[in-house]
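>>> just coords:
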């Protein structure tokens, strides 16, 4: 009798252990799926926000560039034709004048691209 009870007990504990492992596996899968869903929602939300940040960044970049273009045109109108600023030089003046804004636009574009 004692030997049959000893044989039954490990089988019962093995079943409960398997059931516990199955329940734990289900819980882990459910947590993984929930985490993946939340991460996907968060990523899509950040992607939508990045377009707003991109719009603000482009707007910030336009102001110093417009001022620089105005100054170049004013300098060209006041100077002689030989001393006028060429289009190539004007491009580099614009780029150097708004370098921080251009770098900001590049960062926002890469943020949008990698989300």
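Ah, there it is. The model shown is predicted, which means the values in this text are computed figures rather than measured ones.
>>> in this protein, which spans are helices?
Counting by DSSP state H, the chain has helices at residues 2-78, 87-97, 99-114.
>>> now render those as JSON lines, adding mean neighbour count and mean pLDDT.
(Glycine included, C-beta is placed from N, CA and C.) As requested, the helices of the chain are arranged in JSON lines below (neighbours: other Cβ atoms under 10 Å; pLDDT from 0 to 100):
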{"stretch": "helix 2-78", "mean neighbour count": "11", "mean pLDDT": "84"}
{"stretch": "helix 87-97", "mean neighbour count": "13", "mean pLDDT": "84"}
{"stretch": "helix 99-114", "mean neighbour count": "14", "mean pLDDT": "85"}
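>>> report the contact partners of residue 94.
Shown in contact with residue 94 (Cβ atoms under 8 Å, 6 or more residues apart in numbering): 65, 68, 69, 72.
>>> chain neighbours aside, what residue packs nearest to the third one?
Distances taken as Cβ to Cβ, 6 or more residues apart in numbering place residue 94 nearest to residue 69, at 6.9 Å, with adjacent residues excluded.
>>> for residue 113, see how far away residue 99 is.
When distance is defined by Cβ to Cβ, to the nearest Å, residue 99 is 21 Å away from residue 113.
>>> now swap in residue 60 and tell me
19 Å.
>>> then residue 71?
If you measure residue 71 against residue 113 using Cβ to Cβ, the figure is 33 Å.
>>> ditto for residue 106
10 Å.
>>> same check on residue 23?
Look at residue 23 and residue 113: by Cβ to Cβ, they are 42 Å apart.
>>> what's the answer for residue 67, then?
Remark: distance between residue 67 and residue 113 (Cβ to Cβ) = 29 Å.
>>> check residue 70 too.
Computed as Cβ to Cβ, the residue 70 to residue 113 distance reads 32 Å.
>>> quick one: residue 112 from residue 87, how far?
30 Å.
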